[in-house]
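Colleague: Sequence plus the predicted model coming up.
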Amino acid sequence: VQFKCLSEGQGCSTSPQHYTQTKTQRQHLLKMASAAAGAAAAATAAATKAAASTAAAAAAVVGKQVYLPNWKLILMRQSKELPSNVAVFRTTPDMNKFEIREYLRAVYGIIATKVETQNVLGKVKANRTSNTTRKRPDFKLAYVTMENDTYSFPDLFPPPESKS
């Protein structure tokens with residue numbers, strides 16, 4: 001399916017670099033996808049009416065809805081003891097609980113029964129030699145309770161076995 005920008009006359013481009021992290025651009029992409037899906041449905045309906053045989057109808061191209069998230073969820077090691085069906089993710093502060101749940105369902109197929117979030121302020125670091133301060137970015141922690149899955153953080157560097 002070829003996406004065509006609805007506001008192409010106003011200096012809009014359809015390159016992947018055009019779509020960044022802002023919500024208005026995500027809404028813009030959804031409008032484009034729904035317009036493309038509507039055009040594909042209209043083309044399919046016209047092809048079905050015009051086709052006399054089932055072979056011609058089967059050759060019609062139908063668009064598939066694609067989920068293009070503009071966020072990232074980073075899986076974090078649990079700092080405290082949590083149940084086996086709880087995973088901790090780090091994300092941007094503008095992502096809410098509903099978007100986290102939908103992201104996990106659409107991208108990874110995880111059914112989340114409960115999502116708890118915690119806003120964390122970035123640390124302020126001081127440089128003593130130049131007498132300046134620098135603030136790290138804020139982030140959000142999401143504690144996701146999964147329906148049937150159990151989770152354990154992978155042990156990437158196990159301790160070496162002793163040779164006794």
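Modeller: Received the coordinates, thanks. Residues are numbered from 1 along each chain as shown.
Colleague: Tell me, please, the helix or strand in this structure that averages the lowest pLDDT.
Modeller: helix 54-58 (a mean of 42; mean pLDDT, DSSP states H and E).
Colleague: Buried residues, whichever helix or strand comes after that one. List them.
Modeller: The helix or strand immediately downstream of helix 54-58 is strand 74-76, counting by DSSP states H and E. In terms of neighbour count (16 or more other C-beta atoms under 10 Å), strand 74-76 has no buried residues at all. For glycine as for every other residue, the C-beta is placed from the backbone atoms N, C-alpha and C.
Colleague: what's in contact with strand 74-76?
Modeller: 87, 88, 89, 90, 91, 141, 153 (C-beta atoms under 8 Å, 6 or more residues apart in numbering).
Colleague: Likewise for stretch 101-116?
Modeller: By C-beta under 8 Å, 6+ apart, stretch 101-116 touches 67, 69, 71, 73, 95, 97, 100, 142-149.
Colleague: any chance you could map the strands in this structure?
Modeller: 74-76, 86-91, 112-120, 124-127, 132-135, 139-146 (DSSP state E).
Colleague: one step back: between the contacts of stretch 101-116, which is closest to residue 131?
Modeller: Residue 131 lies nearest to residue 95 out of those, by C-beta to C-beta, at 35.6 Å.
Colleague: which residues does the nearest residue to that closest one once chain neighbours are set aside contact?
Modeller: Of all residues not flanking residue 95 in the chain, residue 71 sits nearest, at 5.4 Å (C-beta to C-beta, 6 or more residues apart in numbering). Residue 71 sits next to 21, 91, 92, 95, 99, 103 when contact means C-beta under 8 Å, 6+ apart.
Colleague: Between all of the residues you listed, which two are separated the most?
Modeller: Within the contacts of residue 71, 21 and 103 form the most distant pair, 13.7 Å apart (C-beta to C-beta).
Colleague: For those two, indicate the residue with more neighbours.
Modeller: A count of neighbours by other C-beta atoms under 10 Å puts residue 103 above the other of residue 21 and residue 103, at 21 against 11.
Colleague: Tell me how far the more buried one lies from residue 96.
Modeller: 11 Å (C-beta to C-beta, to the nearest Å).
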